[in-house]
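Colleague: next one to model:
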Amino acid sequence: MSSLAVIAEVIKRAGNVLICGHIMPDGDCLGSVLALGLALEKIGIKATMAGPDPVPAVYAFLPGAEKFVSGDPPEGNYDTLIILDCSVPERLGKGYRELAEKKDLTVINIDHHHGYNPFGRYRYIDPSAAAVGEIVFDLLHLMQVRIDSAIATCLYTAIITDTGSFQYNNTTPNTHRRVAELLECGAPAAQVNIRLYEEKPRAALLLLGKALNSLKISTCGRVSWMTVTLEDLKSAGAVDEHADGLVNYARSVMGVEVGMLFREVSEGKYKVSFRSKKAVDVNRLAALFGGGGHPRAAGCVIQGELEDLKEKIVSAAILAAGGSSL
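Modeller: Residues are numbered from 1 along each chain as shown. Below is the predicted model of the structure:
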């Protein structure tokens, strides 16, 4: 693995950079991609900010979001590809995965997730970082880029979303020190929080109601789960991004250690989100089903009949949580 200082020097020598993140981008992914892109433009390096999926509406306020290119990798004579918040190529989407395999391209991979399939000529993985936004913050300091209010806003959003507004135990003293500097650089904390948490579309709230109505709790009381189907999305007038964060309601039940959300993404295909409080490593739990993530937040995508999938995954979660029955 390369040091962040080495990566900083490699990037400074680049001429035309493509920056991307994972499929279905979240706040950390987008905030980090946009912050780094804006920073490179600031020092005269041509940068394209892109990804396989579009910017979710909730993040459209971020500086630079209007420059983000979604879909297949945009045409360009790139010499460097920087991949953020994605330690496994499978989460890049087909076009970006193929691009990352090109031999004539300098590929840099920066993440805070452990990956089972490492890739990239230069890799920096720091699982102790609460968000990739923290790593990008450090990278910009190493590159001696002055963080302005636009960059600070993107990095603040990256960090606040991956720490659950500093509620998760991945939040460290250094997290707060970095955020304090971002506020000094002009990140409008109150405005960002309003945009993220206090301007919910009606469809998102209708979907929340459907998810809560589906809530189940195991007999042992330590595992809970909810379900969102394609029909739920349709009847609520909701889209995929409106399901973001719903799993936290399952975890928030008193006495529950592991909360899960089963979300149908296509017929017979489900995205399962796992969240835990403190006793269960859901990264290991998700890995049993081909997924991964962090000890307290992870996920997987799995195919099959919903009730069969629930039985297998809920049983594994109960076992991990020290319970004994559904």
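
Colleague: can you count the residues close to residue 132?
Modeller: Other residues within reach of residue 132 by the criterion other Cβ atoms under 10 Å amount to 29. Every residue, glycine included, has its C-beta placed from N, CA and C.

Colleague: tell me the contacts of residue 162?
Modeller: Each residue near residue 162 by Cβ atoms under 8 Å, 6 or more residues apart in numbering is listed here: 26, 27, 28, 130, 131, 132, 133, 168, 170.

Colleague: which one in these is the model shakiest on?
Modeller: The member of these with the lowest model confidence is residue 168, at 86 (criterion: pLDDT).

Colleague: that one contacts residue 296, doesn't it?
Modeller: Yes. Applying Cβ atoms under 8 Å as the test, residue 168 and residue 296 come out as touching, 6.0 Å apart.

Colleague: which one of those two has more residues nearby?
Modeller: residue 296 (19 against 16).

Colleague: ok, and the most crowded of the contacts of residue 162?
Modeller: Neighbour counts for the contacts of residue 162, by other Cβ under 10 Å, peak at residue 133, which reaches 33 neighbours.

Colleague: for it, what are phi and psi?
Modeller: Main-chain torsions, residue 133, degrees, to the nearest 10: phi -60, psi -30.

Colleague: state the distance from it to residue 110.
Modeller: Using Cβ to Cβ, to the nearest Å, one gets 11 Å for the distance from residue 133 to residue 110.

Colleague: counting contacts, what elements does the helix or strand of the chain with the lowest mean pLDDT pack onto?
Modeller: With mean pLDDT, DSSP states H and E as the measure, the helix or strand of the chain carrying the lowest mean pLDDT is strand 292-293 (a mean of 83). Helices and strands touching strand 292-293, by 3 or more Cβ pairs under 8 Å, 6 or more residues apart in numbering; DSSP states H and E, are helix 282-287, strand 297-303.

Colleague: and those: which comes nearest residue 145?
Modeller: The stretch from those with the least distance to residue 145 (Cβ to Cβ) is strand 297-303; that distance is 29.4 Å.

Colleague: what is that closest one packed up against?
Modeller: Partner elements for strand 297-303 (3+ Cβ pairs under 8 Å, 6+ apart): strand 269-276, helix 282-287, strand 292-293.

Colleague: at 7 Å what do you get?
Modeller: In terms of contacts (3 or more Cβ pairs under 7 Å, 6 or more residues apart in numbering; DSSP states H and E), strand 297-303 is packed against strand 269-276, helix 282-287.

Colleague: now those in JSON lines, with mean pLDDT, distance to residue 304 and mean neighbour count?
Modeller: Supplementary listing: those in JSON lines, determined by pLDDT from 0 to 100; distance: least, Cβ to Cβ, whole Å; neighbours: other Cβ atoms under 10 Å:
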{"stretch": "strand 269-276", "mean pLDDT": "96", "distance to residue 304": "8", "mean neighbour count": "23"}
{"stretch": "helix 282-287", "mean pLDDT": "94", "distance to residue 304": "16", "mean neighbour count": "22"}
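
Colleague: alright, I will stop here.
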